[in-house]
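Colleague: What follows is a predicted structure for the sequence shown.
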Amino acid sequence: MAARSKAPGVELLPSAEPVRLIEADGTAVPRRVLPGPTELRAAYRALVLGRRFEQQATALVKQGQLAVYPSAHGQEAAEVGAVLALRPTDWIFPTYRDSVALLTRGVDPVEILTLLRGEWHCGYDPYVHHAAPQCTPLATQAPHAVGLAFAAQARHEDTVALAFVGDGATSEGDFHEALNFAAVFHLPVVFFVQNNQYAISVPVSRQSVAPSFAHKAVGYGMPGVLVDGNDAAAVLSVVGEAARRAREGEGPTLVEAVTYRIDAHTNADDATRYRPDEEVAGWLSRDPVARLSAYLTNSGQLNVDVEAAIAAEAEDLAADLRTRLVAELPPPADELFAHVYHRPTQRLRDQAELLRAESEER
Ligand SMILES: Cc1ncc(C[n+]2csc(CCOP(=O)(O)OP(=O)(O)O)c2C)c(N)n1
């Protein structure tokens with residue numbers, strides 16, 4: 001028997017280095033095709049708005065207006081690139097870390113933060129934005145995305161579902177089940193792992209000994225792609241290709257965006273206890289916003305006037321968020337029990353009564 005030239009599945013493996021179209025200093029990588037100027041300018045605008053939104057949300061935590069805010073500072077290019085690579089009718093399945101993705105989708109900033117203000121509902125209408133509620137239990141959004149894709153396939157719709165997953169979440173059973181089901185049934189899903197190097201204090205070296213998270217794809221029989229998650233152009237391109245495959249019936253793709261969480265996990269976390277300052281500084285020099293700004297400016301696609309207009313828009317967004325988040329009254333607490341069952345159970349009625357009595361005591 002003739003020896004095989006390649007082991008089966010090799011074509012599914014990611015490249016050794018993450019796909020990059022723009023270097024950290026803003027120069028384009030030779031011989032790579034970049035997305036067009038309109039797409040890149042839209043990405044730049046979304047990056048600037050996303051960063052300003054995050055700064056404002058973090059400030060609102062310090063002012064006691066929000067219980068917690070899991071910042072994605074440093075990861076914005078991954079979230080922006082992934083969302084802009086999709087059609088507005090494609091569904092996204094975000095986690096608690098993916099507020100910038102929701103903002104890029106067009107969700108009202110106040111609605112994004114409603115949940116973190118301590119209210120019981122997700123804040124926005126998932127059907128309006130084609131965005132599922134932000135999941136806090138790790139990886140549960142992955143089977144949800146697969147379920148939606150299964151339904152889309154059954155209805156002969158060309159909808160794509162993209163599940164945002166953290167590096168830590170890849171160790172959950174739900175992640176495995178979702179990938180396997182999507183691959184076996186050839187579903188239109190993009191699994192988008194944002195490898196921000198830590199699951200709270202657990203570094204990736206203690207999460208997996210696979211060469212990369214993208215390498216895991218081969219075990220399921222789907223392609224794995226490694227991309228520089230701080231390069232919005234590269235993420236746009238890679239997720240765009242994965243979405244095209246999904247839409248054309250070629251099945252799921254696992255994309256790993258290599259990035260870094262600059263802020264602590266949340267305000268309840270002291271990141272200095274598990275990572276050195278030099279490491280953070282190294283990643284700050286690969287900043288996604290500065291990188292795209294440098295490329296667009298140097299190639300004559302962004303001038304100071306456009307940059308100033310986008311900066312002003314970001315300030316308006318932050319001011320509007322501050323005013324409205326504080327002004328809007330939370331819904332009555334007993335609404336929490338209203339939509340659970342058509343006919344509430346006795347246990348729910350007891351809980352509602354307990355809450356009402358406690359609220360009156362306060
Ligand atoms: C099923 C489950 N187990 C544990 C937790 C507690 N927990 C919350 S965030 C987190 C770390 C998640 O890390 P990663 O998936 O890398 O996402 P990141 O926070 O870095 O975006 C853990 C263990 C949880 N939310 N859900």
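Modeller: Noted; the coordinates are in hand. Numbers count the residues shown, from 1 in each chain.
Colleague: going forward, measure contacts and count neighbours with C-alpha atoms only.
Modeller: OK.
Colleague: What residues does the stretch 101-250 of the chain have near the ligand?
Modeller: Selection of the stretch 101-250 of the chain residues close to the ligand by C-alpha under 6 Å from any ligand atom yields 136-138, 166-169, 196, 198-200.
Colleague: I'd like to know which of these are part of strands.
Modeller: Using DSSP state E, 166, 198-199 are the members of these that sit in strands.
Colleague: Could you dump the residues you listed into TSV with pLDDT added?
Modeller: As requested, those are exported to TSV (pLDDT from 0 to 100):
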residue	pLDDT
Gly166	98
Tyr198	98
Ala199	98
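Colleague: And these, which of them are buried?
Modeller: Neighbour counting by 16 or more other C-alpha atoms under 10 Å classes 166, 198-199 among these as buried.
Colleague: Next, count neighbours for Arg291.
Modeller: Neighbourhood size, Arg291 [other C-alpha atoms under 10 Å]: 22.
Colleague: and if you look at Val29?
Modeller: Count around Val29 with other C-alpha under 10 Å applied: 12.
Colleague: pLDDT wise, what is it at?
Modeller: If you check Val29, the pLDDT there is 97.
Colleague: circling back: next, give me the two most distant ones among the residues of the stretch 101-250 of the chain next to the ligand.
Modeller: Greatest spatial distance in those: Pro137 and Asn196, 17.7 Å, computed using C-alpha to C-alpha.
Colleague: Show me which of these two is the more surrounded one.
Modeller: Neighbour count, other C-alpha under 10 Å: between Pro137 and Asn196, Asn196 has more, with 21 against 11.
Colleague: That one against Glu256, yeah?
Modeller: No. In this structure, Asn196 is not within contact of Glu256 by C-alpha atoms under 8 Å, at 10.1 Å.
Colleague: Which strand or helix spans Glu157?
Modeller: For Glu157, there is no host helix or strand (DSSP states H and E).
Colleague: What score does it have for pLDDT?
Modeller: 97.
Colleague: how deep is it tucked in, by neighbour count?
Modeller: Glu157, neighbours per other C-alpha under 10 Å, totals 11.
Colleague: Kindly report the same for Leu162.
Modeller: Leu162 - counted by other C-alpha under 10 Å - has 29 other residues nearby.
Colleague: SS state for it?
Modeller: Taking DSSP: H, G, I helix; E, B strand; the rest coil as the rule, one finds Leu162 in the strand state.
Colleague: all strands for the stretch 251-362 of the chain, in order.
Modeller: 253-258 (DSSP state E, counting those that start in this stretch).
Colleague: Where does it get nearest to the ligand, residue-wise?
Modeller: In the stretch 251-362 of the chain, the residue that lies nearest the ligand is His265 (6.1 Å; C-alpha to the nearest ligand atom).
Colleague: tell me the contacts of that residue?
Modeller: Applying C-alpha atoms under 8 Å, 6 or more residues apart in numbering to His265 gives the contacts 70-71, 200, 271.
Colleague: Relative to the ligand, which of the residues you listed is nearest.
Modeller: For the contacts of His265, the nearest to the ligand is Ile200 (4.9 Å; C-alpha to the nearest ligand atom).
Colleague: which residue sits closest to that closest one, ignoring its sequence neighbours?
Modeller: His265 (5.4 Å; C-alpha to C-alpha, 6 or more residues apart in numbering).
Colleague: if we can go back for a sec, list only those of the contacts of His265 flagged as buried.
Modeller: Buried among the contacts of His265 (16+ other C-alpha under 10 Å): 70-71, 271.
Colleague: need those residues in TSV with distance to the ligand, can you?
Modeller: As requested, the buried ones among the contacts of His265 are exported to TSV (distance: C-alpha to the nearest ligand atom, whole Å):
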residue	distance to the ligand
Pro70	7
Ser71	9
Ala271	12
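Colleague: export those residues to TSV and tack on distance to Gly221 and pLDDT?
Modeller: Shown next, in TSV, are the buried ones among the contacts of His265 (distance: C-alpha to C-alpha, whole Å; pLDDT from 0 to 100):
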residue	distance to Gly221	pLDDT
Pro70	33	97
Ser71	33	97
Ala271	37	97
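Colleague: need the longest helix for the chain.
Modeller: helix 37-62 (DSSP state H).
Colleague: chain center to the helix or strand just after that one, what's the gap?
Modeller: The helix or strand immediately downstream of helix 37-62 is helix 76-84, counting by DSSP H and E. Centroid displacement of helix 76-84 relative to its chain, using C-alpha atoms, centre = their mean, to the nearest Å, is 7 Å.
Colleague: avg pLDDT for helix 76-84?
Modeller: 98.
Colleague: Could you confirm whether any residue of it contacts the ligand?
Modeller: No. Helix 76-84 stays clear of the ligand (C-alpha under 6 Å from any ligand atom), getting no nearer than 11.4 Å.
Colleague: in this structure, which spans are helices?
Modeller: Going by DSSP H, the chain shows helices at 37-62, 76-84, 99-105, 109-113, 126-129, 141-154, 173-184, 217-220, 232-247, 277-284, 288-298, 304-327, 346-361.
Colleague: Show me what the fifth one is packed against.
Modeller: If I follow you right, that is helix 126-129. Of the remaining helices and strands, none touches helix 126-129 by 3 or more C-alpha pairs under 8 Å, 6 or more residues apart in numbering; DSSP states H and E.
Colleague: how does it look with 10 Å?
Modeller: If you count contacts as 3 or more C-alpha pairs under 10 Å, 6 or more residues apart in numbering; DSSP states H and E, helix 126-129 packs onto strand 91-93.
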